[in-house]
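> give me coordinates for this.
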Amino acid sequence: MNKILSILLACTAAGAAYGAQETGQAAKNVAIDSVVVTGARYASDIRHLPMSVAVVDRDEIVRRQEASVLPLLTEQVPGLFVTGRGVMGYGVSDGAAGGISLRGIGGGSAAQMLVLIDGHPQYMGLFGHPIADAYQSMLAERVEVVRGPASVLYGSNAMGGVINIVTRRQREEGVKTDLNVGYGSWNTLQTEAANRIRKGRFTSVVTGSYNRTDGHRADMGFEQYGGYAKVGYEISRRWNAYADVNLTHFNASNPGEITAPVFDNDSRITRGMASVSLENSYDRTSGALKFFYNWGRHRINDGYGAGEEPRDYRFNSKDRMLGVSWYQSAGLWRGSRLTAGIDWQRFGGRAWNRFTADGREEPIVDQTEDEIAGYADFRQSLGRLTVDAGVRIDHHTRTGTEWVPQAGISLRAARDGALKAMVSKGFRNPVLRELYMFGVKNPDLKPERLWNYELSWTQRLAGGSVSYGVNLFYIKGEDIIRRGRADGRNILLNQARIENWGAEADAAWRIGGGWSVNANYSWLRMEYPVPASPEHKLYAGGDFGKGRWSVSTGVQYIAGLYTAAAPDPEVREAGFVLWNLRASLRVNRLLTIFVRGENLLAERYEINAGYPMPRATVFGGLKLNL
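The predicted structure is shown next:
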């Protein structure tokens, strides 16, 4: 409690001295008054939200020229870190990367962070974790990141934060087609095609991609192909309907740790999602009714080590998640906004071992659970002060009912600035793997819970060309699920705790003449350290554009990164500096040439223990705009 008071007093003093608001912006070209949807379930001015929301827009995604949106988020969002193991692809199972951590939450369990696509939860139905290779750049118009618990609006798994991928739409009348082809180090190929149409009330987006690499280590190949289609129809000026489908398949190989190689550790993964939504938008009210269905098919050979015999079985699974989400937001009187909603989800699946000799199947689990919740969030503006309070009642068929409150304020304490304070609860229900699968399963597990306290201050200066923000936070959690011993055997227990505190800052300056610079920094102190959560994370970058030329560069500094579980006596604490450079030349109206270099300092480093990352890589290609 003393630490909480110290942090809040320090923040209050800072706010009194400087006066302003949390912009929540990450990308340098996102204004302090950006309109976002993730923090409120309706289009809202970011200045009126008590939570911290970071935004990365389409221009930044295109400039990064990556198949996945996750590397960009590591650079641009303070406090967020994504693990990697190679030049392309994250994989699944043992040795996989793609773990997402925010403020130290998620490093101990991948299921503590929630990824959404247009507000729909996206995770493996049995294991409960995000599938990093499914979050491709071809989908994204922009990405919004809620830094801190978002369980009131999004329920379980949002205890650390939320990454919402807002999918692409064609807003201008006409037809646009983009073709991208790139090639680079380690026989890496990246392709993407996108067609967008708007004709009257009808819109559509169709994209497809194929990506592959041999990898920078032997037996580390990755191959992925996928497609996305979305159609929309404007029923009237107030009502719109959308339907979309996304399908991706990837093959990933894992060579194991450099000192303990693994052979034939191969994964064949198919992921899909589909949704239908009906949206309304009036002057005083807006909302949506959404149906979604996610599915997956996993075939995994866990491989074998040196001196071992190949396994005579393969892990197989089919998982699914379907749900209905309804919410409506309305202004009841001047300055007020009430949002209410109901979520229902059914998730689960079947897993089994298939023996290679005779095709016999050994069941592991066949289980489904349901979760239903209702929530309400009320926001009232009183001059310069905006007050917010919300609550969620969430019922899980196995773990019971959970109450989730939050409260916050936003004070416009100075011109173009605001001071914010937020108290919020996050929680995570145990996933089916923890409840019912493998030897450490425990069907009596309780939900994980934490409380997040934060105070933030941001301001825009010089007519909007300069903006900055500072955020201080304290997080305390209990009943965290970790492996332990009970009745003489290894078992999962609600025995661990979380106590994290730290600071985040970001700044951007549009200098003029085509120049702009931006930077962000986060400091994290963990009383109970977990991997994939660096103590220090700094990014500084700049952009220059003139005529047909565009150049972007950035340096990232990481220190105090645990590359394995912190209690392990062999754990290593890593630090490294990465320099990246990107440039493009618009040859004519149709053709653009681009090139990018990653880790140009050829730094030797690891993010996952035993998996050295690639040194300097070069990648170049063409983009056609038809």
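> looking at Gly108 now. What's its pLDDT?
Per-residue confidence (pLDDT) for Gly108: 78.
> surely it is in a helix?
No. Secondary structure of Gly108 (DSSP: H, G, I helix; E, B strand; the rest coil): coil, not part of a helix.
> that one: what's it in contact with?
Ile480, Arg482, Ala496, Ile498, Val530, Pro531 (CB atoms under 8 Å, 6 or more residues apart in numbering). (C-beta placed from N, C-alpha, C; glycine too.)
> the same query, at a cut-off of 7 Å, please.
By CB atoms under 7 Å, 6 or more residues apart in numbering, Gly108 lies in contact with Ile480, Val530.
> before we move on, what about Val35?
Ala43, Ser44, Asp45 are the contacts of Val35 under CB under 7 Å, 6+ apart.
> tell me the buried residues within those residues.
Ser44 (16 or more other CB atoms under 10 Å).
> find the centremost residue of the chain, please.
The structure's the chain has its C-alpha centroid closest to Ile163; by CA atoms, centre = their mean the separation is 3.6 Å.
> just grab the bridge partners of it for me.
Val115, Val145 (DSSP bridges).
> how close does it get to Leu114?
Remark: distance between Ile163 and Leu114 (CB to CB, to the nearest Å) = 7 Å.
> return the distance of the residue nearest to the centre of the chain relative to Arg142.
11 Å.
> kindly report the same for Gly232.
Gly232 is 17 Å from Arg142, by CB to CB.
> do Gln328 as well
Taking CB to CB, one finds Gln328 at 24 Å from Arg142.
> and Val53, by the same measure?
Taking CB to CB, one finds Val53 at 11 Å from Arg142.
> neighbour-wise, which of these two wins?
Val53 (27 against 22; other CB atoms under 10 Å).
> what comes up buried for the helix or strand that contains that one?
When elements are assigned from DSSP states H and E, Val53 belongs to strand 52-57. By 16+ other CB under 10 Å, the buried positions in strand 52-57 come out as Ser52, Val53, Ala54, Val55, Val56, Asp57.
> am I right that the first one is in contact with Gly148?
Yes. Because the distance of 6.1 Å satisfies CB atoms under 7 Å, Ser52 is recorded as touching Gly148.
> pull up the overlap in contacts between these two.
By CB under 7 Å, 6+ apart, the residues touching both Ser52 and Gly148 are Glu454.
> and the helices in the stretch 1-150 of the chain?
Per DSSP state H, counting those that start in this stretch, the stretch 1-150 of the chain carries helices over the ranges 2-18, 58-64, 70-76.
> pLDDT on the longest one, on average?
If I follow you right, that is helix 2-18. 34.
> the second one too?
For helix 58-64, the mean pLDDT works out to 87.
> what helices or strands is that helix leaning on?
Applying 3 or more CB pairs under 7 Å, 6 or more residues apart in numbering; DSSP states H and E, one finds that helix 58-64 contacts helix 70-76, strand 140-147.
> what about it, distance to the chain center?
16 Å (CA atoms, centre = their mean, to the nearest Å).
> may I see the buried residues of that helix?
Glu60, Ile61, Val62, Arg63, Arg64.
> how about these in a markdown table, adding distance to Glu504?
What follows is the buried residues of helix 58-64, written out as a markdown table (distance: CB to CB, whole Å):
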| residue | distance to Glu504 |
| --- | --- |
| Glu60 | 19 |
| Ile61 | 22 |
| Val62 | 26 |
| Arg63 | 23 |
| Arg64 | 21 |
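> partner strands of the helix or strand containing Trp579 and their direction?
For Trp579, the host element (DSSP H and E) is strand 573-586. Here strand 573-586 has these sheet partners by DSSP bridges: strand 549-562 (antiparallel), strand 591-598 (antiparallel).
> reformat the ones you listed as CSV; add mean pLDDT and distance to Arg314.
Listed next are those as CSV, based on pLDDT from 0 to 100; distance: least, CB to CB, whole Å:
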stretch, mean pLDDT, distance to Arg314
strand 549-562, 95, 32
strand 591-598, 96, 34
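> for Leu278, which of the ones you listed is the nearest?
strand 591-598 (37.8 Å; CB to CB).
> what is the helix or strand that the closest one is followed by packed up against?
For strand 591-598, the following helix or strand on the C-terminal side (DSSP H and E) is strand 617-625. Judged by 3+ CB pairs under 7 Å, 6+ apart, strand 617-625 is in contact with strand 174-184, strand 591-598.
> CSV please, covering these and showing mean neighbour count and distance to Lys420.
Formatted as CSV, the helices and strands packed on strand 617-625 follow (neighbours: other CB atoms under 10 Å; distance: least, CB to CB, whole Å):
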stretch, mean neighbour count, distance to Lys420
strand 174-184, 16, 38
strand 591-598, 18, 35
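> to Asp244, which of those strands lies closest?
Asp244 lies closest to strand 174-184 among the helices and strands packed on strand 617-625, at 17.9 Å (CB to CB).
> any idea of the mean pLDDT for the closest one?
Strand 174-184 comes out at a mean pLDDT of 95.
> also stretch 196-215?
Mean predicted confidence for stretch 196-215 is 96.
> buried ones in that stretch?
196-198, 203-205, 207-215.
> between the residues you listed, which sits nearest Gly545?
Distances from Gly545 to these, taken by CB to CB, are shortest for Arg196, at 23.7 Å.
> which SS class is the spatially closest residue to that closest one that is not a sequence neighbour?
The shortest distance from Arg196 to any non-neighbouring residue, by CB to CB, 6 or more residues apart in numbering, is to Gln170 (3.8 Å). Here Gln170 is recorded as coil under three-state DSSP.
> contacting residues for Gln170?
Gln170 touches Lys176, Arg196, Ile197, Arg198, Thr203, Val205, counting by CB under 7 Å, 6+ apart.
> relative to Arg212, how far out is it?
Counting by CB to CB, the gap from Gln170 to Arg212 is 29 Å.
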